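In: The sequence isn't on hand, but the structure is:
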């Protein structure tokens, strides 16, 4: 009996060690759910029968296929792990078949495909295929514009650049994986430089990959472990965190690339011939009461949400961080002055302060950012202060003092870098909150002006038609939820990765 | 032959290329033809303005105007203007901006509440009109207005037709946007839907309301809602806005009423009959004897036993035409044509005056409406006894022939008040107007009299079917006047209590309607109309309204130029605006269009816009 439980446990542990299996399981489950939702669209309740919808039926079948393939591979891997402590090479080869499903937007399968395809997976490999997936997603989203009667002016340029970058990432994938195996990074410097350049479209994965390669070169082929790369590796062990990061980076890239592949006028200019259309290939999320394409509006809305979210997090991060660091490090009088001022800020409810600022100075993007930033400063100051106080008492700080370093130098070089972890975690979560606040304020008419395609604004129009045309509110709502969830998952993952106890 | 072919091919190729070009993402070039089919504008030698005309669109968010402000901005932008919306929170700030001329186009509306064409044109377009906020001063317009006011309906049609052509197309003094359709949803599980009226101009008629279950009339209140909770006085001549339009209409009886389609009628009025002298400047009203004033006693409406009679009617008419009868006479301008009013006691004199109606004498016309032949007239209202032939007659004259005054008398400001009560409550002001201090001295009808609390001292005395009992911040209660035509089955108020809730947001009102918290709703949000139609619980009614929504120009700014005004006029596409609102707006022309059903509408025309924009560019050397 005992023996049986023990065997079961070892087996479970063994299975858990293979991240591929987890990814495949998520892949088939998620694909199945999406397939069912899509196929349900083909079910007509009024006649209790099926009809074939041009859009959702083939898509549903494709997802079903992805689910079936993932399930088969998952079962095969499971059997392989149980029997031979490893996944069979044919399973790994077959897993490549899952990758093309990204073309119908199925990232779960694509991730599982990439994960299963290679046995040893250095962080470079992950970063490279996420770079590809990211640009592929943006490419697919942009391709939906093909169903519009008019293409944006620079559409093909944008899509072409994306395709080119994907090809380049594929090459990079092979090269960096080989380098990771052999440890010979020296000749990859030009590649890394180009990678860093392509990251200009917002592909954070490519940027990280470039940085990792540079770091490896500096550290003589990765013989020494690099702290932040290790942290990154730990983040990539957390599936949800990395999925969150993918969502964020896709939206970020989309915000940049949409300048070429999308037409801003479709988002802002009224079209009286296409009022209140239901979702179709031409208008994937339908059109609103002024005939504007909701899909395009959401794409451009991502830009505003991310800009506001990031700036209004970065500003208090820096300001609050510096104040907190000074307060925590110099203590006594300065500490008292700073923290009492912060307490005053803390005492005012954040939303109230934001609304007051906007009411006083008018509703526009800059005021919104300022308003959201100010109410966040004390949060960061407190976090930083607490962490700095802990770090200041560490032995290495004592040592630095012993060496006769100036306090300011100690603060900047030793204390602050070692107190960043909780700040980063807090920031990643608070971007999500900032996105929510922006949307809520726009919904109340206090955010950005109504014409600008901000998610809260889009939702506000939808709320008028909640009963008659629910899609007007559902899609922007989903995007707000997904982005905030993504930041929260990423925040969780970063906290785990940065937690010394969980290393 | 070959050259011709080549040329044709070249032409076809260039057309193709042009087609490719315009179907691409660049803005399509406007115009192209040499001559308009109608030959109205020449498209030759057009220029595009170097600097696009900058236009500030003044918008009142309080009326929810931002919805179409967006469309107007969009249409002007596409037509080559550089528009910008200035969104103001309420009427007060909107009005301040208009008065300060801080706008180029102002979104506004005019509601012809009397259903008469003179009322539709005089206030805004006459050079002396009280609501001519934009400084329109055109003798031709004034002439048309004066002429139309003296004419009969058959005659004035032509005058007003010319007036609107001159106003809209010749001079481009206004950009029409739309006329709205009035809508009504009735909860037919509670109400008898046939008793809830929707009218073009007049406000809701409470006395006709009946529940589906007639046994509940006395025990259950009728609940509805209105937007404004801060009320102007329940004194007809001192109220001119939506906060008390319905309340005054139902609190005071009038000499005239409007039918649902804006014809004048004596139904549910103090008049049994009316007569107009053949020159159109003398008006006679035969009064009924079964309407008594009500007052509030112990929190309920009671019959004072005092008849609403000729002296009250004359007193009320005098108040209407006398600007100084109250401190802030809001409706004086509607009654400027009135000259004097009096009680008629000499029956014989009526027999010698020929009437405009059917050529009979005034006496004969009045007699036709009497329950028993009119045998004597009395000045003492207590002595009136219609069944015995004892009647009261009121005579009113106008300074010039102005038959449309009857429509004005049907407006809520034509309500008849109690002479005795007004003279008591307003005694200090009436004795010495200079001693009156606004804000300190409380006059008759002001809301503090009947607002719950320490100052509550309900001294209202009402001639209409209902009387206000008490009010607070969220609702106001009315009770039926037991002395209002008690024997008339159709017009005697049967529902005892009316509860009016104050709800600002129309979406909330709609939710309340669906939840059964209120029983009827006027002006349903357009997005919800289909839901009302589909729900068997509701009876849906609609009627084209008289509210003319338009864009007013600032003639001191960039729109001093007639060419630019015309360019803007033809850029606004009313059909598109209507499409956004489920095609529930009626394209229109001028403010008399809905009143006289002239059926005209201004059609958008991009070619004309391009032409006039070019003319403007030339006249300002801006190309």
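Out: Okay, I see it. Fair warning: this is a prediction, and the values are worked out from it, not measured in the lab.

In: Roughly how far does the residue in the stretch 51-200 of chain B positioned nearest to chain A sit from residue B:616?
Out: Here the residue of the stretch 51-200 of chain B nearest chain A is residue B:74; by CB to the nearest CB that distance is 4.4 Å. For the C-beta atoms, the positions are set from N, CA and C on the backbone; glycine is no exception. Separation of residue B:74 from residue B:616 (CB to CB, to the nearest Å) stands at 21 Å.

In: Pick out whichever of these two has more residues nearby.
Out: Neighbour count, other CB atoms under 10 Å in any protein chain shown: between residue B:74 and residue B:616, residue B:616 has more, with 24 against 20.

In: Verify the stated contact: that one with residue B:560.
Out: No - using CB atoms under 8 Å, residue B:616 makes no contact with residue B:560, being 10.5 Å away.

In: what about residue B:447, how many residues close to it?
Out: Counted with other CB under 10 Å, residue B:447 comes out at 18.

In: pLDDT score for residue A:154?
Out: Residue A:154 is assigned 92 on the pLDDT scale.

In: Count the neighbours of it for me.
Out: 16.

In: For it, give me its contacts.
Out: A:260, A:261 (CB atoms under 8 Å, 6 or more residues apart in numbering or on different chains).

In: Could you do residue A:280 as well?
Out: Counted by CB under 8 Å, 6+ apart, residue A:280 has contacts A:55, A:286.

In: Can you name the residues that contact the residue nearest to residue A:67 when sequence neighbours are not counted?
Out: Leaving aside its chain neighbours, residue A:67 sits nearest to residue A:31 (3.7 Å; criterion: CB to CB, 6 or more residues apart in numbering or on different chains). Neighbouring residues of residue A:31 by CB under 8 Å, 6+ apart: A:63, A:64, A:66, A:67, A:70, A:101, A:106, A:108, A:109.

In: Repeat the analysis, applying 7 Å as the threshold.
Out: A:63, A:66, A:67, A:70, A:106, A:108, A:109 (CB atoms under 7 Å, 6 or more residues apart in numbering or on different chains).

In: Correct me if wrong, but it is in a helix.
Out: Yes - checked against DSSP: H, G, I helix; E, B strand; the rest coil, residue A:31 lies within a helix.

In: I'd like to know how far it sits from residue A:136.
Out: From residue A:31 to residue A:136 the distance is 17 Å (CB to CB).

In: By mean pLDDT, flag the weakest helix or strand of the chain.
Out: Here I'm looking at chain A. Lowest by mean pLDDT, DSSP states H and E among the helices and strands of chain A is strand A:49-50, with a mean of 76.

In: Which neighbours in the sheet does that strand have, and how are they oriented?
Out: strand A:43-44 (antiparallel) (DSSP bridges).

In: The partner strand - what's its average pLDDT?
Out: Strand A:43-44 carries an average pLDDT of 78.

In: Contact residues of chain A facing chain B?
Out: By the rule CB under 7 Å from any CB of the partner chain, the part of chain A lying against chain B is A:150, A:152-153, A:263, A:269-270, A:272, A:275, A:289-290, A:450-451, A:464-465, A:467-468.

In: filter those to the buried ones?
Out: Among those, those classed as buried by 16 or more other CB atoms under 10 Å in any protein chain shown are A:152, A:263, A:270, A:272, A:275, A:289, A:290, A:450, A:451, A:464, A:465.

In: Can you add secondary structure and give the residues you listed back as CSV?
Out: Output for those, formatted as CSV (three-state DSSP):
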residue, secondary structure
A:152, coil
A:263, coil
A:270, coil
A:272, coil
A:275, coil
A:289, coil
A:290, coil
A:450, coil
A:451, coil
A:464, helix
A:465, coil
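
In: Rank the residues you listed by pLDDT and give me only the lowest.
Out: pLDDT across those is lowest for residue A:450, at 76.

In: helix/strand/coil for residue B:292?
Out: Three-state call for residue B:292 (three-state DSSP): strand.

In: I figured it hits residue B:306, correct?
Out: Yes - Residue B:292 lies in contact with residue B:306 (CB atoms under 7 Å); the separation is 6.3 Å.

In: for the stretch 1-150 of chain B, what spans make up the strands?
Out: Listed in chain order, the strands of the stretch 1-150 of chain B (DSSP state E, counting those that start in this stretch) span B:54-60, B:82-88, B:105-111.

In: I meant the stretch 51-200 of chain A, not that one.
Out: Under DSSP E, counting those that start in this stretch, the stretch 51-200 of chain A gives no strands.

In: so where's the stretch 301-450 of chain A shaky on pLDDT?
Out: Across the stretch 301-450 of chain A, nothing is flagged by pLDDT under 70.

In: Go through the residues of it and report the one nearest to chain B.
Out: residue A:450 (6.9 Å).

In: any idea how far that residue is from residue A:288?
Out: With distances taken as CB to CB, residue A:450 is found 11 Å from residue A:288.

In: shared neighbours of the two, which are they?
Out: With CB under 7 Å, 6+ apart, residue A:450 and residue A:288 have no common neighbours.

In: Now for the closest residue to chain A within the stretch 501-623 of chain B: which residues touch it?
Out: At 4.0 Å from chain A, residue B:576 is the closest residue in the stretch 501-623 of chain B, using CB to the nearest CB. Taking CB under 7 Å, 6+ apart, we find residue B:576 in contact with A:272, B:71, B:75.

In: In JSON lines: the residues you listed, plus distance to residue B:401.
Out: Rendered in JSON lines, the data for the contacts of residue B:576 read as follows (distance: CB to CB, whole Å):
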{"residue": "A:272", "distance to residue B:401": "47"}
{"residue": "B:71", "distance to residue B:401": "43"}
{"residue": "B:75", "distance to residue B:401": "43"}
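
In: Kindly indicate which of those lies nearest residue A:158.
Out: Checking the contacts of residue B:576 against residue A:158 by CB to CB gives residue A:272 as the nearest, at 28.4 Å.

In: residues from chain B in reach of chain A?
Out: Proximity of chain B to chain A (CB under 7 Å from any CB) is limited to residues B:23, B:25, B:66, B:70, B:71, B:74, B:527, B:530, B:531, B:576, B:579, B:580.

In: Please pick the buried ones from these.
Out: B:66, B:70, B:71, B:74, B:527, B:531, B:576, B:579, B:580.

In: Can you name the two of these that sit furthest apart?
Out: For these, the farthest-apart pair by CB to CB is B:74 and B:531; their separation is 27.5 Å.

In: and stretch A:20-30, how far from the chain's centre?
Out: A distance of 19 Å separates the centroid of the chain from that of stretch A:20-30, by CA atoms, centre = their mean, to the nearest Å.

In: Could I get the buried residue list for it?
Out: A:20, A:21, A:23, A:24, A:25, A:26, A:27, A:28, A:30.

In: same question for that stretch, mean pLDDT?
Out: Stretch A:20-30 comes out at a mean pLDDT of 94.

In: So what touches that stretch?
Out: Outside stretch A:20-30, the residues touching it (CB under 7 Å, 6+ apart) are A:15, A:67, A:70-71, A:73-74, A:77-78, A:81, A:87, A:98, A:108-109, A:111-112, A:115-116, A:239.

In: at 6 Å what do you get?
Out: With contact meaning CB atoms under 6 Å, 6 or more residues apart in numbering or on different chains, stretch A:20-30 is reached by A:15, A:67, A:70-71, A:73-74, A:77, A:108-109, A:111-112, A:115-116.

In: Please consider this matter closed, and thank you.
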